[in-house]
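[1] For reference, the sequence and a predicted model appear below.
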Amino acid sequence: DTAAGAPAAGLSLLAFGSLSELKGVDLLYEALAATGVAGRARLLLAGREERPGLLAALAQRFPGADVTHLGEYDSERLASSDHPLRRAASACQFFVSASRAPESFGLVLDEARALGLCALLPRLGAFAERAAEGEGALFFEAGSADSLARLLRQLLEDPERLGALRVRLPAPVR
């Protein structure tokens, strides 16, 4: 592992928000445990479990997924320079969401942009309306861990793609 906590020559991802099946946390675990991704990508996960024991059950079901739960966080203090998500974001290359909900606005997208992170998003609802492919965001098929795993493998094979995405990362919405 590197000092930032990402696997050597791998990806380090950050996901945050409500942790539930509706928000796709199970799809994140499944994609991280997929062939060609397991051992090469790590997920830092922040938020409150909507159902206690969910993350422990997912860790048992997908033992190849490298996931660290950072616990709950205070979204109201996100602008603070010492906010735990800011520290986590500095160790990550991408924000990722696998939400199955259409999201009425997709506030986490704005929060990810405020943290300086490019996003990996399901092509669904507000994410598809508010983000553009290649402009700080890449999309995968909503509800599909296989599609997310395919995207992660592509990024692992083409690490320079991140630089091209960062150049076109939209400014955060206030």
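    Yep, it's here. Numbering: from 1, shown residues only.
[2] Specify the next element, helix or strand, located C-terminal of the top helix by length along the chain.
    Ordering each helix of the chain by length in residues (DSSP state H) puts helix 145-157 first. The helix or strand immediately downstream of helix 145-157 is helix 161-167, counting by DSSP states H and E.
[3] Show me which parts of that following helix are buried, residue by residue.
    L165 (16 or more other Cβ atoms under 10 Å). C-betas here are computed from N, CA, C, even on glycine.
[4] same question, stretch 110-125
    110-115, 117-122, 124-125.
[5] So which of those are in strands?
    C118, A119, L120, L121, P122 (DSSP state E).
[6] residues touching the residue most central in space within the chain, list them.
    For the chain, the residue nearest the mean C-alpha position is V96 (1.9 Å; Cα atoms, centre = their mean). V96 is in contact with L13, L14, A15, L28, L43, A119, L120, L121, L148, counting by Cβ atoms under 8 Å, 6 or more residues apart in numbering.
[7] And A65, by the same measure?
    Contacts of A65 were listed using Cβ under 8 Å, 6+ apart, and they are L28, Y29, E30, L32, A33, A38, L43, L58, A59.
[8] got a pLDDT number for it?
    Predicted confidence (pLDDT) for A65: 98.
[9] what's the answer for E76, then?
    If you check E76, the pLDDT there is 75.
[10] Phi and psi next, for it.
    Phi and psi for E76, reported as degrees, to the nearest 10, are phi -70, psi -20.
[11] is it true that A88 lies in a helix?
    Yes: A88: assigned to a helix according to DSSP: H, G, I helix; E, B strand; the rest coil.
[12] What count of nearby residues applies to it?
    Using other Cβ atoms under 10 Å, A88 has 22 other residues around it.
[13] That one contacts L14, doesn't it?
    Yes: in this structure, A88 is within contact of L14 by Cβ atoms under 8 Å, at 5.5 Å.
[14] helix/strand/coil for S81?
    Following three-state DSSP, the label given to S81 is coil.
[15] Could you check how far it is from G24?
    Look at S81 and G24: by Cβ to Cβ, to the nearest Å, they are 30 Å apart.
[16] got it, and G47?
    12 Å.
[17] In terms of neighbours, single out the busier of the two.
    Legend: neighbour count by other Cβ under 10 Å for G47 and G24, higher for G24 (27 against 22).
[18] Which residue is the nearest non-sequential neighbour of that one?
    Residue nearest to G24 in three dimensions, not counting chain neighbours: A98, with 3.0 Å by Cβ to Cβ, 6 or more residues apart in numbering.
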